[in-house]
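# Kindly generate the corresponding structure for this input.
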Amino acid sequence: MDDAVISVNTKNIEKLFKNAPRVFKRELANALDHISRKFLKKFYTERLSGAPGLLAKRGGIFHRFRRVVITSKDEAKFLDIHASQSETTGAIAKATKNPLDMRVEIYTKSKVAGVYERGGSISGGQRMLRVPLSNEAKERSSKDPIQGLVILYTPKGLFLVQKISIRKLIFHYILKHSVPITRRLGFIDTWNEMEGERVEILDDAVNEAIAKS
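Predicted coordinates:
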C-alpha cells in the first residue's frame, strides 16, 4: 500500500513529542484504525457486492482479509475483528514506542484473491474445476453442493447436469482444467481512491492532538 503523506508544522510536531507524546500517539493510532476500518467497508461495499467487482459469498474472499498491526520487532499481530474501536486503537498504540513507527496492514494469504487482483488463471491441478452455469449453481458454495448430478460428455466439453426427465436436463456446471480470471478485485484501486480521505483523517488527528496538548 501507499504511504499517506501529511503536511504539518514541524514545530508543532516537536511540541507534541515533547509535551504530549501519549496524546499524539493515541490520536494517530485512532486515525490508523479509522482509515483501515473505512477502507474495508468501502472495499466490501464497492468491490465485493457484485459487478464490476466480485459478489461476496458466505465464507468467501472478503472474510480472508484481516487487519494486522506491525510491532517494533516487525511482527504482525492480528486485530480482533470483534473488538471495539477503542480496543483496536489501544492495540495499535502499544505495538511500537515511536508514534511514527505505527503501522496497520490489511492482510490475506488467499492466492485466489491475488489472482482476482492481478488477473491470471486458476488451475485445478489433477482435478477439474466446476464452473457454475445455472443460477442455482452460482448461489451454492462448495460446502453445499447440488446433489444427484451426472457427467455429460459433449463435443463442447464436460458438463455436470441434473436429469429431470429423459428429455430435460439442467446444465449446472461445465468442467475445466483451468479458468481464466480477469482483473476485477480492485483492492489497490480502492486504496488509491481513498488518498484524499486518508490525508484528511491524519491531518485531523494531528490537529486534534495539538488542540489537546
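
# quick one, strands of this protein?
For the chain, the strands defined by DSSP state E occupy 66-70, 76-78, 103-107, 120-123, 129-132, 149-154, 157-163, 169-176, 178-181.

# quick check: angle from the third one to strand 66-70?
Right, the one you point to is strand 103-107. Strand 103-107 and strand 66-70 are oriented at 150 degrees to each other (axes from the mean of the first three to the mean of the last three CA atoms, to 10 degrees).

# buried residues in strand 103-107?
Within strand 103-107, the residues scored as buried using 16 or more other CB atoms under 10 Å are Arg103, Val104. Just so you know, the C-beta spots here come from the backbone N, C-alpha and C atoms, and that holds for glycine as well.

# partner strands of that strand, parallel or antiparallel?
Strand 103-107 sits in its sheet next to strand 66-70 (antiparallel), going by DSSP bridges.

# sorry, back to before: Ala205: which of the strands of the chain is closest?
strand 103-107 (13.2 Å; CB to CB).

# if we can go back for a sec, can you tell which of the strands of the chain is closest to Asn30?
That would be strand 103-107 among those, by CB to CB, at 11.2 Å.

# which residue lies farthest from the center of the protein?
Ile166 (46.0 Å; CA atoms, centre = their mean).

# Roughly how far does it sit from Ser134?
20 Å (CB to CB, to the nearest Å).

# Now do the nearest residue to Arg37 once chain neighbours are set aside against Val131, distance only.
Nearest non-adjacent residue to Arg37, counting by CB to CB, 6 or more residues apart in numbering: Gln85, 7.2 Å away. Per CB to CB, Gln85 is found 41 Å from Val131.

# Tell me which of these two has more neighbours.
Val131 (16 against 11; other CB atoms under 10 Å).

# where does the chain have low pLDDT?
Applying pLDDT under 70 to the chain flags residues 1-19, 56-60, 62-63.

# so where do the helices sit in it?
Using DSSP state H, the helices of the chain run over 10-19, 21-47, 85-94, 111-118, 135-139, 187-193, 195-212.

# and Ser178, which of those is closest to it?
helix 111-118 (11.1 Å).

# relative to helix 21-47, how tilted is that closest one?
80 degrees.

# Now do helix 111-118: distance to the chain's middle.
11 Å (CA atoms, centre = their mean, to the nearest Å).

# got it, and stretch 103-114?
Chain-centre distance of stretch 103-114: 7 Å, with CA atoms, centre = their mean.

# for Arg66, which residues make a bridge with it?
Tyr107.

# Look up phi and psi at Met128.
Main-chain torsions, Met128, degrees, to the nearest 10: phi -80, psi 150.

# From Thr154, how far out is the closest residue to it other than its chain neighbours?
Closest residue in space to Met128, ignoring its immediate chain neighbours: Leu175 at 4.2 Å, by CB to CB, 6+ apart. From Leu175 across to Thr154, the span is 11 Å (CB to CB).
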